[in-house]
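> fold the stuff below for me.
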Amino acid sequence: MSYGKYLLIWVWLIALLAAGTFISTLPISKTEAVLLILLVSLVKAVLVALFYMHLKFERLVPIWIVAVFPFFLIGLASLLVFSGLL
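Model (predicted):
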């Protein structure tokens, strides 16, 4: 991949960073702001994973392992936290 492509992705990441910062100043509820910022962060994570981690050029199986494992950890952590509240 050429350096120009990396630079373009970097510009997109900076723009999404600015968008997340701007969202926090909008006159919307905190819940809506958090959801929008999480959505922007998800897009940034996908860009980093696809281009900087070179997952765009991998087979589909390793991508699913990388994509599903964080959700497993979040579910496990949630289970541990909420089991203490019961």
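> which regions of the protein sit below the pLDDT cut-off?
Low-confidence segments of the chain (pLDDT under 70): 55-64, 66, 85-86.
> the longest helix in this structure is where?
What stands out as the longest helix in the chain, according to DSSP state H, is helix 60-83.
> residues of it that come out buried?
Using 16 or more other CB atoms under 10 Å as the test for burial, helix 60-83 gives no buried residues. For every residue, glycine as well, the C-beta is placed using N, CA and C.
> now stretch 7-17
So stretch 7-17, judged by 16+ other CB under 10 Å, has buried residues 9, 13.
> what's the offset of it from the middle of its chain?
Here stretch 7-17 shows a centroid-to-chain-centroid distance of 14 Å under the convention CA atoms, centre = their mean, to the nearest Å.
> one more: stretch 21-37?
That offset, for stretch 21-37, works out to 16 Å (CA atoms, centre = their mean).
> with only the CA atoms kept, save that stretch in CSV.
C-alpha atoms of stretch 21-37 as CSV (Å, rounded to 0.1, in the frame of the first residue of the first chain):
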residue,chain,number,x,y,z
THR,A,21,-14.8,16.3,20.0
PHE,A,22,-17.4,18.4,18.3
ILE,A,23,-20.2,16.0,19.2
SER,A,24,-19.4,16.5,22.9
THR,A,25,-20.2,20.2,22.5
LEU,A,26,-23.6,19.7,20.8
PRO,A,27,-26.7,20.6,22.7
ILE,A,28,-28.0,17.0,22.9
SER,A,29,-28.5,14.6,25.8
LYS,A,30,-25.5,12.9,27.3
THR,A,31,-26.8,9.5,26.2
GLU,A,32,-27.1,10.6,22.6
ALA,A,33,-23.6,12.2,22.7
VAL,A,34,-22.1,9.1,24.1
LEU,A,35,-23.7,6.9,21.5
LEU,A,36,-22.6,9.1,18.7
ILE,A,37,-19.0,9.3,20.1
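> list the contacts of that stretch.
By CB atoms under 8 Å, 6 or more residues apart in numbering, the residues outside stretch 21-37 that reach it are 20, 40.
> go with 10 Å
Residues outside stretch 21-37 that contact it (CB atoms under 10 Å, 6 or more residues apart in numbering): 19-20, 39-40.
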